[in-house]
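Participant: Predicted structure and sequence below. I'll ask about it afterward.
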Amino acid sequence: MKKGHRIMILLLLISLTCGILLTTNLKDLRKIQNLEGQCDQFKVSEAINEVAWNITWGGAGDEHGIGLALDTVGDLYCVGDTFSFGAGGQDLALVKFAPNGSRLWNTTWGGAANDWGYGVVLDTAGNIYCVGWTGSFGVGGQDLALVKFAPNGFRLWNTTWGGAGNDGSSEVVLDTAGNIYIAATTQSFGAGGSDLVLVKFSKAELPSGIPGFGLSLLFLVLIVISIIKIFDKSTIPKKNKFLNLILNQ
């Protein structure tokens, strides 16, 4: 082989080697650029997920937020417990916040012993159902507690479930018919120790209004009648047959 041919072949091999190395380096460079782009994108995502706001609620004692629910307009309902407010040492606390974090209202439920909330859910009408534990009401040391509040935070009714041992709940859901299902723990029933228990409250079996409201209304009517009787019957118009009938009893 002539010397000139050897030089040409050598130059061809050198060019081919340089081309392979250059192609490999370009691929690696693209990988690095893509990786840098992913890192930049991740940093942007981190910036989007920065804390928008935070808010606190409580008093001189200890408070804990445990359960959270969201309604259709973005209002937030936080359930937990409070040692600063309420009727006893520890009470169930329900606090409503606007989407911007401002507090709209708060309410408590409980008695002389310790009571606390764990789960919260809303129905289609905006009523609020809280579940938890109660040492103030029920038949055992601690019982499952279910409390219903109106959209404005007014308590509508409450009920308990349990036995001689300690029983309490942590989660609650509603079905489309308005039945309530509660996941709970029981020491009163089951195979021994603490057992899982699922409790269903049928809509038909639940209180339909404020406990004792009808009886309170009856007492109010009787008080009004008694006040009317204090006045001279002669001041009652003769034509008012209804009042004369009541006063003449």
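Facilitator: Noted; the coordinates are in hand. Residues are numbered from 1 along each chain as shown.
Participant: Which stretches in this structure count as helices?
Facilitator: Here the chain has its helices, by DSSP state H, at 3-48, 213-230, 241-247.
Participant: List every C-alpha atom in stretch 177-188, with coordinates, as PDB.
Facilitator: Output of stretch 177-188 as PDB, limited to C-alpha atoms (Å, rounded to 0.1, in the frame of the first residue of the first chain):
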ATOM      1  CA  ALA A 177     -80.100   8.700  51.300                       C
ATOM      2  CA  GLY A 178     -78.800  10.500  54.300                       C
ATOM      3  CA  ASN A 179     -77.700   7.400  56.300                       C
ATOM      4  CA  ILE A 180     -74.600   7.900  58.400                       C
ATOM      5  CA  TYR A 181     -71.700   5.300  58.600                       C
ATOM      6  CA  ILE A 182     -69.100   5.600  61.300                       C
ATOM      7  CA  ALA A 183     -65.800   3.800  61.700                       C
ATOM      8  CA  ALA A 184     -65.100   3.300  65.300                       C
ATOM      9  CA  THR A 185     -63.300   1.400  68.100                       C
ATOM     10  CA  THR A 186     -65.100  -0.600  70.800                       C
ATOM     11  CA  GLN A 187     -64.000  -2.300  74.000                       C
ATOM     12  CA  SER A 188     -67.600  -3.100  74.900                       C
END
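Participant: The residue nearest to T185 when sequence neighbours are not counted: how many residues sit nearby?
Facilitator: Leaving out its chain neighbours, the residue that sits closest to T185 by Cβ to Cβ, 6 or more residues apart in numbering is S194, at 5.3 Å. C-beta coordinates here come from the backbone N, C-alpha and C atoms, glycine included. Using other Cβ atoms under 10 Å, S194 has 12 neighbouring residues.
Participant: Which of the helices of the chain comes out lowest on mean pLDDT?
Facilitator: Of all the helices of the chain, mean pLDDT reaches its minimum on helix 213-230 (a mean of 47).
Participant: tell me which residues of stretch 125-138 are tucked away?
Facilitator: 128-138 (16 or more other Cβ atoms under 10 Å).
Participant: can you redo those residues as a markdown table with distance to W53?
Facilitator: Formatted as a markdown table, the buried residues of stretch 125-138 follow (distance: Cβ to Cβ, whole Å):
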| residue | distance to W53 |
| --- | --- |
| I128 | 23 |
| Y129 | 27 |
| C130 | 24 |
| V131 | 28 |
| G132 | 27 |
| W133 | 31 |
| T134 | 33 |
| G135 | 35 |
| S136 | 35 |
| F137 | 37 |
| G138 | 38 |
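Participant: What is the most widely separated pair among the residues you listed?
Facilitator: Farthest-apart pair in the buried residues of stretch 125-138 is I128 and G135; separation 22.0 Å (Cβ to Cβ).
Participant: those strands in this protein, which residues are they?
Facilitator: 63-70, 76-82, 91-97, 103-109, 115-122, 128-134, 143-149, 155-161, 167-174, 180-186, 195-201 (DSSP state E).
Participant: any idea which of those is most buried?
Facilitator: Mean neighbour count (mean count of other Cβ atoms under 10 Å) peaks for strand 128-134 among those, with a mean of 27.
Participant: quick one, that strand and strand 103-109 angle?
Facilitator: Counting by axes from the mean of the first three to the mean of the last three Cα atoms, to 10 degrees, strand 128-134 lies at 40 degrees to strand 103-109.
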